[in-house]
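Undergrad: Could you look at this predicted model? Sequence included:
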Amino acid sequence: MEMLTEILLVLFLVVAVIQFFYILVIFGRASLFYRSKSKQSTSETYEGVTVVIAARNEKENLAKLIPIICNQNYPNFDVMVINDRSHDGTKALLEQLMSEFPKLRTVTIKYTPDHVTAKKYALTLGIKVVKNDVLLLTDADCIPQSEDWIRLMTAPVRNEGKTFALGFSPYKSNKGLLNHWIQFETFWTALLYASFTLWKAPFMGVGRNMCYRRSFFMEQKAFRGFWHIEGGDDDLLVNRYATSKNTAIVIDPNSITLSEPKETWKEYFTQKKRHLHAGKYYKAKDKQKIGIYAFTHLIFWFLGTALMIYSGIEQNWEHFAVILGIITVRSILLTSVFTSARKKLTGINKLFWTGFFDLLYIGYFWILGTIGYQSRKVRWK
């Protein structure tokens, strides 16, 4: 029994080292070592930009969003709203808004073919007729948090020759456990793709705040091969075509868009099931680098807890102190990295219950992730 305990203790130390590597070296890229490049360059070019919004029955959200976007502090842009089979008065609203805001253009989708998913079809038709080559995508319920959103989010594509620029889109803060969890999980996802992009290994992005070139999209027939997958118009697109050389992450509180969160657990689980389902189509190497962290995360807490209980029963306080110390150091480092990264991403350094949600994430990833991965069909809502 003593030999088995020693083996498990060594295994615990190995997974602890892997966890520390991810937290400090990989996630530390976005928190401890990143320095903002958001200052306006004297050699900046103002290439034309089109903001693209695919919307279905989003009349109320569009009424708030369009005036905000049309007053962005950027000299050369327009806005394309793709009205995807709406029946809530969106068309009449857009006609009214076009008379008020000359930058606004619209295209209406009347039907979706059976063999494709609706949003990908709508985006493709809209992108075909946009005016500019630089596209900045967001959703109807996402509000830019500064007048410099367009300038900041498109800068890597306009000035640095990148194909993709990936941004962050957190959700509004409300009271309650669900919203606190949404804040944590959304930030954690952003930290993952921001860190790996800085590590020169981009693997995903979110369509609520993303920039890429129309010419690249059209040349690659970008949704080819995953038209049938519900979702994936953002993360699968990046996963397939993003490289270390053609992709940049934008880290600046003034570059974010703020989204409306789900208000019930049922709505949230439906949304996350769709997101996690798309993850099964990621490249093998990308699933591996996420999986290594998730697996060692699970083993770290399982072995750490088991070994602490056993050491307490056997009154082996030396082993108990070592394990507790490692767990404590990891928790402190994780909280510090998360706090620093959130400050750089959003300007806010408060993140609720990091330690508690770090444990809860194990169940979320392995239970809901497995359900989403194995599902053959998912719903949008």
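TA: Yes, it's here.
Undergrad: Could you verify my assumption that residue 107 touches residue 83?
TA: Yes: applying C-beta atoms under 8 Å, one finds residue 107 in contact with residue 83, separated by 7.0 Å. In this view, the C-beta of every residue, glycine as well, is placed from N, C-alpha and C.
Undergrad: These two: which has the busier surroundings?
TA: Ranked by neighbour count (other C-beta atoms under 10 Å), residue 107 and residue 83 place residue 83 first, with 23 against 18.
Undergrad: okay, the more buried one: pLDDT?
TA: Here, the pLDDT recorded for residue 83 equals 94.
Undergrad: any idea which element it lies in?
TA: For residue 83, the host element (DSSP states H and E) is strand 77-84.
Undergrad: what's the following helix or strand after that strand?
TA: helix 90-100.
Undergrad: Does anything pack onto that next one? Which helices or strands?
TA: Using 3 or more C-beta pairs under 8 Å, 6 or more residues apart in numbering; DSSP states H and E, the elements in contact with helix 90-100 are helix 59-70, strand 77-84, strand 104-109.
Undergrad: Parallel or antiparallel, list what pairs with the last one.
TA: Sheet pairing of strand 104-109 (DSSP bridges) gives strand 77-84 (parallel).
Undergrad: Distance from the chain centre to the strand it pairs with, please.
TA: How far strand 77-84 lies from its chain's middle: 22 Å, per C-alpha atoms, centre = their mean, to the nearest Å.
Undergrad: same check, this time on stretch 277-284
TA: Once both centres are worked out by C-alpha atoms, centre = their mean, stretch 277-284 turns out to sit 15 Å from its chain's centre.
Undergrad: ends of that stretch, how far apart?
TA: With C-alpha to C-alpha, to the nearest Å as the measure, stretch 277-284 spans 15 Å from end to end.
Undergrad: Run a quick neighbour tally on residue 270.
TA: Residue 270: 15 surrounding residues under other C-beta under 10 Å.
Undergrad: Assign a three-state SS to it, would you?
TA: Using DSSP: H, G, I helix; E, B strand; the rest coil, the structure places residue 270 in helix.
Undergrad: With residue 72 instead?
TA: Going by three-state DSSP: residue 72 is coil.
Undergrad: got a list of what it touches?
TA: By C-beta atoms under 8 Å, 6 or more residues apart in numbering, residue 72 lies in contact with 144, 147, 148, 149, 150, 151.
Undergrad: Now, those residues that are in strands?
TA: residue 144 (DSSP state E).
Undergrad: Would you mind giving the contacts of residue 72 as a markdown table with neighbour count, pLDDT and distance to residue 310 added?
TA: Shown next, in a markdown table, are the contacts of residue 72 (neighbours: other C-beta atoms under 10 Å; pLDDT from 0 to 100; distance: C-beta to C-beta, whole Å):
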| residue | neighbour count | pLDDT | distance to residue 310 |
| --- | --- | --- | --- |
| 144 | 26 | 97 | 53 |
| 147 | 14 | 96 | 58 |
| 148 | 18 | 96 | 56 |
| 149 | 27 | 97 | 53 |
| 150 | 24 | 97 | 57 |
| 151 | 22 | 97 | 57 |
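Undergrad: By mean pLDDT, point me to the weakest helix or strand of the protein.
TA: Ranking every helix and strand in the chain by mean pLDDT, DSSP states H and E puts helix 369-374 at the bottom, with a mean of 76.
Undergrad: Enumerate the positions of that helix that are buried.
TA: 369, 372 (16 or more other C-beta atoms under 10 Å).
Undergrad: helices and strands around that helix, which ones?
TA: So helix 369-374, by 3+ C-beta pairs under 8 Å, 6+ apart, packs with helix 265-279.
Undergrad: avg pLDDT for the helix it packs on?
TA: Mean pLDDT, computed over helix 265-279, is 83.
Undergrad: Between helix 59-70 and the strand holding residue 83, find me the angle.
TA: Here strand 77-84 points in a direction 160 degrees away from that of helix 59-70 (axes from the mean of the first three to the mean of the last three C-alpha atoms, to 10 degrees).
Undergrad: Please enumerate the helices of the stretch 101-250 of the chain.
TA: Taking DSSP state H, counting those that start in this stretch, the helices of the stretch 101-250 of the chain run over residues 118-128, 149-159, 177-198, 214-220, 235-241.
Undergrad: ok so, going back, out of the helices and strands packed on helix 90-100, nearest to residue 119?
TA: strand 77-84 (7.2 Å; C-beta to C-beta).
Undergrad: relative to helix 149-159, how tilted is that closest one?
TA: Angle, strand 77-84 to helix 149-159, by the same axes, to 10 degrees: 100 degrees.
Undergrad: Only C-alpha atoms, please: export strand 77-84 in CSV.
TA: Provided in CSV are the C-alpha atoms of strand 77-84 (Å, rounded to 0.1, in the frame of the first residue of the first chain):
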residue,chain,number,x,y,z
PHE,A,77,-16.8,52.2,-42.8
ASP,A,78,-20.4,51.0,-43.4
VAL,A,79,-22.7,48.5,-41.7
MET,A,80,-24.4,45.5,-43.3
VAL,A,81,-27.3,44.0,-41.5
ILE,A,82,-28.3,40.6,-42.9
ASN,A,83,-32.0,40.2,-42.1
ASP,A,84,-32.4,36.5,-41.9
